[in-house]
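got a predicted structure plus its sequence, pasted below:
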Amino acid sequence: MHILQDKENETMEIKKGIAVSPGISIAKALLIDSEDYRIPRRQIKPSQRMTEIQRVRNAFKDAGNELTRLEAAHDHAEGSKIKDIFAVHLRYLRDRSLRKRVTDVVQSDLVTAEFAVSSVLRDIAAHFKKQKDVYISERAADIYDIERRLLKQLLGRKREDVGHLTEEVVVVARELSPTQTAGFNREFVKGIASDAGGRTSHAAIIARSLGIPAVVALEDLTEYVRGGDAVIVDGNRGIVIVNPDDQTIRQYEEYSREFIQLEHRLDTIRQKPAVTRDGARVTLLGNIEFPDEAEIVLQKGGDGIGLYRTEFLYLNTDREPTEQDHYEAYAKTVRVFDKKPIVIRTMDLGADKYTQSKRFAPEPNPFLGLRSIRFCLQNLSLFKKQLRAILRVSVLGDVKIMFPLITNRQELMQAKMILHDVMEDLDEESIPYHRDIDVGIMIETPSAALTAFSLARDVDFFSIGTNDLTQYTLAVDRGNELVSPLYSTADPAVLRLLRTVIQDAHKAQIHLSVCGEVASEPEYVMLLLGLGVRTLSLTSPMIPEIKQMIRSVTTKDCNEVARKVLSMDSERHISSYLRNAARKILPEAF
Amino acid sequence: MTEEDTLENDVVEAELEIRNEHGLHMRPAMRFVEMASRFESDITVSSGQTVIDGKSIMQITTLAATCGTKLTIKAEGPDAREAVEALRELVEAEDFDEPIS
């Protein structure tokens, strides 16, 4: 049962996922799992064969011993199920035919023990997964576990991490944490592909900001890729190709050249202003998560930061960030920007381990639960630390505060009251801050959108968070593949809310921006401008393209587009209308 | 059951039917492999065209023997007869599905 294919027969696999960061890359795959194990495909010399085979045998033996110890430790426990599982794993580790398969690979392919273990076990897991019988397909998870256990023995302390790359790679993983993604060196990591993840996952957001092409939600890509395989990541169309044939490689090299040329053209407009053909000025700001991304916003021609997400400070460590942690992160960012505006959003953590771990019982529906500003209003010491830091930093530049997830006026007034309390404290301590700091809110719930006229009286600006606004309005979880096609900001209901908010902001004469994902989509530019939006905050790599779009339209045309769209009642019609309209203006971007 | 004397080794074959509800899933598969491994003889299990090593948990799992599947067990070696008897008893036992004690 030798499933492993030899090089001549390596079949090209085309996998479809979700494109989350644009661009094309063609490079060798670097496979990492969630424990950061690199599985390098290293050839060995024939003389090293016996050593590697012995390493395989030792790994099986040592892994077996480790399991035996674990099994014994669970002897007393309730875990008879755990014991069963260990017993099965142990049986696998003692399976002579399995071990022989691995050593055969070392023998015939002249590869390292780690690589042989990984290849063989992943082949088996893939084989199991294909079976109709649920019991067998679930055993794939056991096989991955056994693979990890064996690799732990083989790699031990010599774990190679992604931080020591010397050649260009495409990182392939089951899933990537924000910390891992943030650590990628752009010089060597040329593409990212993962089984899990969604468009708004943190890893995706970071990939976009770093300008690394990325495709996620590929489901089972890691079963088709071995370290060293040639991989194409098409971050424009959401496709990953493993072991592309020559023709495909040529096609993609051409496609990549065209894309790079487009990028260069876009780069040259970096210094030009974002002004429509008939003279309407649009402000383009960047969305960031880390201080390091601030530079990229400037590089791409952004006029400031419209959304500085502060959650990273909470997610990266075990302990709550101190006021100084906040201050240093914000100060680092503000210094990059000098006089340009920066909008700092207070903590927006929700259904994640940070807020859930502070509860005695996990919430049944965290998305609608004690998250974000609600959590802050009930955890004043945490909230005040952040507010103090933001106020202190306000003397270094043009800083604004934004509260997320405000659903009614009371919440807003409570938050403002606490802000004033903090201001009084700072006064008492003689610590300087900008007293007239602008305070705004995100409009991201239907209730806030529908009462925007009232909320507008007590804030200096709105920023429309179209991602969450769309989810709450359409009652769709965007991350749920079963219903995600229902999610669309082009839905007539969402557009009506958008129009309401924009009009209310204009009437109250407060500043308005759009900071959701639509702000980075060229097809929506005409619609947003036509509705009256004049400030967009988006992911920095897309700033040049959006600017290009703005510079190619007239407000007259945009108003016409908006008018037409608001009279349509089908999301599909609206989407294709917008795409066609945009394509006419900027054909090469589509 | 058929018997042949080939050199010193007995070759014994038997046909069994999997009777327990969930087929040869984790527990029974484990018990089968453990039992088979106690004997010196080589033990193969066939289902249709597929022939696998009865002492390999990996290969038994891929056999995907569901309830009602007919398997042919063949043992070759000095204790072939005992092996086949023991395995038949195990597979046909009432408590084949029970947790490993």
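Received, thanks.

can you give me the strands for chain B?
With DSSP state E, the ranges of strands along chain B come out as B:2-6, B:9-17, B:42-47, B:50-53, B:70-77.

and the longest one, which residues are buried?
Spelled out, it's strand B:9-17. B:9, B:10, B:11, B:12, B:13, B:14, B:16 (16 or more other C-beta atoms under 10 Å in any protein chain shown). (Glycine included, C-beta is placed from N, CA and C.)

for chain A, see how far away residue B:80 is.
19 Å (C-beta to the nearest C-beta, to the nearest Å).

these two touch, right, that residue and residue B:9?
Yes - Residue B:80 lies in contact with residue B:9 (C-beta atoms under 8 Å); the separation is 6.9 Å.

so what sits against both of those two?
Common contacts of residue B:80 and residue B:9 (C-beta atoms under 8 Å, 6 or more residues apart in numbering or on different chains): residue B:41.

just the closest of the buried residues of strand B:9-17 to residue A:253, please.
Within those, proximity to residue A:253 (C-beta to C-beta) peaks at residue B:16, which comes in at 58.3 Å.

residue contacts, residue A:221?
Residues in contact with residue A:221 (C-beta under 8 Å, 6+ apart) are A:15, A:17, A:172, A:193, A:194, A:195, A:240, A:242.

then residue A:460?
A:400, A:438, A:439, A:440, A:510, A:511.

again, 7 Å this time
Neighbour list for residue A:460: A:438, A:439, A:440, A:510, A:511 [criterion: C-beta atoms under 7 Å, 6 or more residues apart in numbering or on different chains].

now do the phi/psi pair for it.
phi -100, psi -20 (degrees, to the nearest 10).

for it, which non-adjacent residue is spatially closest?
residue A:438 (4.1 Å; C-beta to C-beta, 6 or more residues apart in numbering or on different chains).

any idea what the one you found is bridged to?
residue A:400 (DSSP bridges).

residues near it, how many?
Residue A:438: 18 surrounding residues under other C-beta atoms under 10 Å in any protein chain shown.

enumerate the residues of chain B near chain A.
B:25-27, B:30, B:33, B:53, B:56-59, B:61-62, B:64, B:99-100 (C-beta under 7 Å from any C-beta of the partner chain).

residues in contact with residue A:342?
Contacts for residue A:342 (C-beta under 7 Å, 6+ apart) come out as A:304, A:305, A:308, A:333, A:334, A:397, A:398, A:399, A:400.

tell me the gap between the helix or strand containing residue A:427 and the middle of its chain.
Residue A:427 is part of helix A:409-428, with elements assigned from DSSP states H and E. Centroid separation between helix A:409-428 and its chain, computed with C-alpha atoms, centre = their mean, to the nearest Å, is 33 Å.

which strands and helices sit next to that helix?
helix A:372-377, helix A:380-393, strand A:438-443, helix A:452-455 (3 or more C-beta pairs under 7 Å, 6 or more residues apart in numbering or on different chains; DSSP states H and E).

go again using 8 Å as the cut-off
If contacts are counted by 3 or more C-beta pairs under 8 Å, 6 or more residues apart in numbering or on different chains; DSSP states H and E, helix A:409-428 sits against helix A:372-377, helix A:380-393, strand A:398-403, strand A:438-443, helix A:452-455.
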